[in-house]
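Engineer: Coordinates for the following, if possible.
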Amino acid sequence: MDFTQVLRPSSFDELIGQEHLSNPNAPLRVLCEKGVLGHSFIYGPAGCGKTSLARIIAKTMQMPFYEFNATSLKIEQLRKVFDTHKNALEKPLIFIDEVHRLAKNQQEVLLPVMENNSVLIIGASTENPFFSLTSAIRSRGMLFELNYITNAALATLLQKAAANAKLRLDEEAAEYLVASSGGDARAMLKLLEFCSNLDTNITIKNLKALRPNALSAGSSEAGVHYDLASAMIKSIRGSDMDAAIYYLARLIDGGESADFIARRLVILASEDVGNANPQALTLCTSCLTSVSKIGYPEARIILAQTVIYLCASPKSNSSYLAINAALQAIANGVHLEIPKHLKQQSDGKYLYPHDFGGYVKQQYLAKPLKFVELKDIGYEKKMKEWHSALENL
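Structural biologist: Numbers count the residues shown, from 1 in each chain. Coordinates of the predicted model:
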């Protein structure tokens, strides 16, 4: 029995683990029930219900449903759907999985129909797709995040599946099915399906034979996936090597991908170490490349080296503060005219710094703004001294 299909939710009330999107007062559900939901992008971990949610939206809004994957999507397929519903009274819902992999030309094909609302586009991804989509696409859609499914919700789903198929499931086997699935409902149901093909009496022995490398108490507990990552990052930020290595080990033992960990180390290298030790970003980028090529078990060594290096590095968040302050200023309406001498077709008054020994004072902003505050920490202290020396020339 394919439990993933038999137990696929068909309404918001049946969707588990995403109450912030499915409860009667949730904005997403309210918009769907009113039939006014706009183009949307949903993202979250594997097996959390992204495809099910898209189908529920289509059913709730009574729309024809078309499902594609960005990795194999052809523009002709999209145009065929557009043509089919060109003069129809009902518009279709086009669901695109792995939407972050859409090529630029594919995104451009979607723009006209998104603009005239002749179709409803729902994109899904395990990553936040807004970072890979063009600004034109982003401005036409909303973003919703799905969470890892809690152990309690998985346990409820498991009992429903067992009852549906008349399976015998003792407490130990049930706990293992939930704990070894890391918040992924599909992974849990697939393991149950395979095990039920062996015997309707689900035993821990058979479960472990099918999934020997189960997630332990690592990242499979409710909410612990992000809590462990957060604990590791905060321990590195606090320069506690032993704590950081412990949480790294918990993540690895819990089945967390090396890429997931490495990506967060790259972010930390800029956010928390920054120019206090610029080499940290280079090392973390090398770490990300290395672990993607090598994988476990050896990737654990590369990750450990990087974590220890980051712990020992001086810390500065000046870059993080500066870009946030600048973005906030722009959001608040600070839009300055670019001085004429800085434009591509300048007025001829631009002073080329290299003609003046590398630095010359001139206007770069229409009015003074201050975002960057370099700190007296590590290499950044040297940068601050250099920059101050330039300004005092």
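
Engineer: Can you tell me what sits against the one helix or strand residue 264 maps to?
Structural biologist: Assigned by DSSP states H and E, residue 264 belongs to helix 258-268. Surrounding helix 258-268, the residues in contact under the criterion C-beta atoms under 8 Å, 6 or more residues apart in numbering are 229, 232-233, 236-237, 248, 251-252, 281, 284-285, 287-288, 291-292, 295-296, 299-300, 303, 306-307, 310. C-beta: built from backbone N, CA, C; applies to glycine.

Engineer: could you redo the last one with a cut-off of 6 Å?
Structural biologist: Outside helix 258-268, the residues that touch it by C-beta atoms under 6 Å, 6 or more residues apart in numbering are 233, 251, 284, 287, 288, 291, 292, 299, 303, 306.

Engineer: what do you get for stretch 111-130?
Structural biologist: Residues contacting stretch 111-130 (C-beta under 6 Å, 6+ apart): 39-43, 46, 50, 54, 91-97, 99-100, 136, 138, 140, 143.

Engineer: next one: phi and psi at residue 142?
Structural biologist: phi -110, psi 160 (degrees, to the nearest 10).

Engineer: Tell me where the protein has strands.
Structural biologist: 40-43, 65-69, 93-97, 120-125, 142-145, 168-169, 201-202 (DSSP state E).

Engineer: Which other helices and strands does the first one contact?
Structural biologist: In terms of contacts (3 or more C-beta pairs under 6 Å, 6 or more residues apart in numbering; DSSP states H and E), strand 40-43 is packed against strand 120-125, strand 142-145.

Engineer: Reformat those into a markdown table and put mean pLDDT and distance to residue 63 next to each item.
Structural biologist: A markdown table is the format used below for the helices and strands packed on strand 40-43 (pLDDT from 0 to 100; distance: least, C-beta to C-beta, whole Å):
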| stretch | mean pLDDT | distance to residue 63 |
| --- | --- | --- |
| strand 120-125 | 95 | 6 |
| strand 142-145 | 93 | 17 |
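
Engineer: Can you tell me which of those strands is packed in deepest?
Structural biologist: Mean neighbour count (mean count of other C-beta atoms under 10 Å) peaks for strand 120-125 among those, with a mean of 25.

Engineer: any idea how far that one is from the chain center?
Structural biologist: Centroid separation between strand 120-125 and its chain, computed with C-alpha atoms, centre = their mean, to the nearest Å, is 15 Å.

Engineer: Can you give the strand pairings for that strand, parallel or anti for each?
Structural biologist: Strand pairing for strand 120-125, determined by DSSP bridges: strand 40-43 (parallel), strand 93-97 (parallel).
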